[in-house]
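Engineer: Prediction below, plus the sequence it came from.
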Amino acid sequence: MFQKPPIDNPFQKTGVMLCGHGSRDARAVAEFTALAAHMKRRLPQYDVDFGFLEFATPIIRTGLDNLRARGNSRILALPGMLMAAGHAKNDIPSVLNRYQTEHTDVSISYGRDLGLDLKMLRAAGDRVQQALNTAGEGIGRHETCLVVVGRGTSDPDANSNIAKVMRMLWEGFGFGWGETAYSGVTFPLVQPSLEHVARLGYKRVIIFPYFLFTGILVERIYEATDHVAARHPEIEFIKAGYLNDHPLVLEVFEDRLQEILAGSNNMNCQMCKYRAQVLGFEDEVGLAQESHHHHVEGIGTGHNHDHGHDHAHHGHDHDGHGHHPYPHADHPLGPRTLNGK
């Protein structure tokens with residue numbers, strides 16, 4: 001994807017580029033901006049900037065321009081993504097590759113997603129524990145079901161990682177049961193998953209959005225929880241907080257930076273649908289590495305972007321964006337049921 005990082009040059013100025021997804025929710029943009037500020041304080045030896053892939057400004061290219069203008073000839077780019085799906089594997093690399101081609105006076109090295117990491121699991125565990133502390137006593141863990149909600153992508157490898165996060169938390173806490181749901185694109189979606197859980201007989205259900213930041217999708221998760229809770233007053237539904245700028249999340253960003261410097265920033269490609277014939281996704285092997293976000297790049301949170309993004313978002317795998325169609329879009333518990341249809 002990118003050339004191996006060059007040997008450290010004491011006279012070469014190095015910048016760190018944080019690549020966020022972007023959101024139409026101003027709170028999500030503010031939270032990522034705050035995370036970038038945290039990283040600037042934690043990395044005083046580097047020039048740190050940031051940008052977004054879509055729906056918000058500054059865009060990634062602007063951040064790269066800023067670093068280049070301030071004399072950084074080496075840029076270490078980190079994806080602000082929990083898992084490696086289309087955004088981390090294709091869209092952000094496409095933007096970086098194009099910039100590298102157009103500006104040969106800088107070298108760009110790309111890091112990997114936050115991924116499955118013990119520190120990330122500990123951060124997730126803290127959020128679940130905080131929810132338990134809020135809930136109080138009276139209901140045991142064996143009478144509690146945990147539902148971990150991931151963003152949902154058309155990449156089965158990324159989706160399976162959310163299932164592993166759920167299992168690690170389920171077994172770590174010793175809950176009576178655990179389920180995995182997704183906010184869009186794949187199945188099962190949140191509401192049908194919670195309706196299923198409500199029939200299992202548990203007295204308490206904890207819903208944990210495994211998300212970095214707030215936004216439309218997190219709000220939908222909480223709204224779906226409220227809807228199901230109203231139908232099942234005999235069950236206590238507890239909404240856990242998302243990860244945000246948990247100190248351990250910031251540590252993992254630093255770890256990913258050190259991986260670039262050590263030349264060990266490899267993504268897991270053994271189960272990647274773009275590199276191997278994953279069951280059900282065989283025809284996606286070898287698809288071009290390109291971004292499909294130019295039409296929403298730089299659009300601010302106040303823009304009225306009527307492009308169908310209120311359904312089954314996200315990763316833009318619906319028709320009209322140029323992405324390969326998701327093979328299970330007609331699943332009864334999947335994207336077409338997002339609005340209860």
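Structural biologist: That came through fine.

Engineer: and residue 177, how many neighbours does it have?
Structural biologist: By the criterion of other Cβ atoms under 10 Å, residue 177 has 16 neighbours. All C-beta spots, glycine's among them, are computed from the backbone N, C-alpha and C.

Engineer: got it, and the one 10 residues further on?
Structural biologist: Per other Cβ under 10 Å, the neighbour tally for residue 187 reads 21.

Engineer: does it sit in a helix, a strand or a coil?
Structural biologist: Three-state assignment for residue 187 (DSSP: H, G, I helix; E, B strand; the rest coil): coil.

Engineer: gap between the nearest residue to it once chain neighbours are set aside and residue 79?
Structural biologist: Leaving out its chain neighbours, the residue that sits closest to residue 187 by Cβ to Cβ, 6 or more residues apart in numbering is residue 334, at 3.5 Å. Per Cβ to Cβ, to the nearest Å, residue 334 is found 26 Å from residue 79.

Engineer: Which one's more surrounded, the two?
Structural biologist: A side-by-side neighbour count of residue 334 and residue 79, using other Cβ under 10 Å, places residue 79 first with 28 against 21.

Engineer: How about the more buried one: which residues does it bridge to?
Structural biologist: Beta bridges link residue 79 to residue 19, judged by DSSP bridges.

Engineer: With residue 145 instead?
Structural biologist: Beta-bridge partners, per DSSP bridges, of residue 145: residue 177, residue 205.

Engineer: these two touch, right, it and residue 208?
Structural biologist: No - with contact defined as Cβ atoms under 8 Å, residue 145 does not count as touching residue 208 (11.3 Å).

Engineer: The stretch 1-150 of the chain: helices as residue ranges?
Structural biologist: Along the stretch 1-150 of the chain, counting by DSSP state H, counting those that start in this stretch, helices occupy 26-42, 60-69, 86, 92-102, 118-135.

Engineer: Now the first one: buried residues?
Structural biologist: The one in question is helix 26-42. 28-29, 31-33, 35-36, 38-40, 42 (16 or more other Cβ atoms under 10 Å).

Engineer: for the longest one, same thing?
Structural biologist: Neighbour-count burial for helix 118-135, counted by 16+ other Cβ under 10 Å, picks out 119-121, 123-128, 131-132, 135.

Engineer: From those, pick the one nearest residue 173.
Structural biologist: Taking Cβ to Cβ as the measure, residue 128 is the one of those closest to residue 173, at 6.6 Å.
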